[in-house]
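Participant: Fold the stuff below for me.
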Amino acid sequence: MTVHPFNVDECDGEDMAFDAFVCCAGEDDQVARTIVDFLEQGEHGRVGYKVCYHERDFLPGSMILDNIQSAIEHSKRVICLMSNEFLRSGMCMLEFHTASNLNITRRTHRLIVIKWPDLDLDEDTDEDNIRDRNSVKLFLSRYTYVEYESDGWWQQVLYAMPINRLAPETL
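Facilitator: Predicted coordinates:
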């Protein structure tokens, strides 16, 4: 039997609809879908997590910004797939900043960054992009992140996930 290192649901009493919200750039969709499937299916007969993924779970007809805000506020974790494409996407950076700011206001650490090995934080010369890249650099210098495809990276993601209390029970 595996025991979660934090055998407490730190989100207990909060209005949470999801265990995690996965955000990625369009170019990283296949990796994101693999992560979502892995988290939802669980392993070794365990119940999977309840995951929010934009293509499947955002409400049609709603403003995209409202969907993003709701997904971040009502998810126990936000998983950002931090690639160069992610850095170039204004929408992805909005998701990152929203999740990062929520960490600060809630005084929690619920943002999981999965960093691509080829991430280039010094590539851009556009002032807005430089600001975004500097905020990512600051985050990566202060918080633990997962290096995509490094040894044991799946286990690191699972370790950072919350106690699984939202997933439906299996029969």
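Participant: low-confidence ranges in this structure?
Facilitator: Segments of the chain classed as low confidence (criterion: pLDDT under 70) are 1-13, 43-47, 124-128, 164-171.
Participant: Would you map the strands across the chain?
Facilitator: Residue ranges of the strands in the chain, as given by DSSP state E, are 18-23, 51-53, 75-82, 111-115, 146-147.
Participant: Could I get those in a markdown table, plus columns for mean neighbour count and distance to residue 41?
Facilitator: Every residue, glycine included, has its C-beta placed from N, CA and C. Compiled in a markdown table, those are given as follows (neighbours: other CB atoms under 10 Å; distance: least, CB to CB, whole Å):
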| stretch | mean neighbour count | distance to residue 41 |
| --- | --- | --- |
| strand 18-23 | 25 | 13 |
| strand 51-53 | 23 | 10 |
| strand 75-82 | 25 | 16 |
| strand 111-115 | 23 | 18 |
| strand 146-147 | 18 | 19 |
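Participant: Of those strands, which is nearest residue 37?
Facilitator: Taking CB to CB as the measure, those were each checked against residue 37, and strand 51-53 came out nearest at 9.0 Å.
Participant: got a list of contacts for that closest one?
Facilitator: For strand 51-53, the external contacting residues (CB atoms under 8 Å, 6 or more residues apart in numbering) are 17-22, 32-33, 36, 39-40, 71, 74-75.
Participant: hang on, the earlier thing: is it possible to export the strands of the chain to CSV including distance to residue 158?
Facilitator: Putting these into CSV (distance: least, CB to CB, whole Å) gives the following:
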stretch, distance to residue 158
strand 18-23, 11
strand 51-53, 13
strand 75-82, 11
strand 111-115, 10
strand 146-147, 10
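Participant: mind checking which of those strands is nearest residue 132?
Facilitator: Residue 132 sits nearest to strand 75-82 of all those, at 11.3 Å, using CB to CB.
Participant: ok, residues contacting that closest one?
Facilitator: Defining contact as CB under 8 Å, 6+ apart, one finds that strand 75-82 is touched by 11, 16-25, 28, 31-32, 35, 52, 72, 86, 92, 95-96, 99, 110-116, 119, 136, 145, 148, 157, 160-162, 166.
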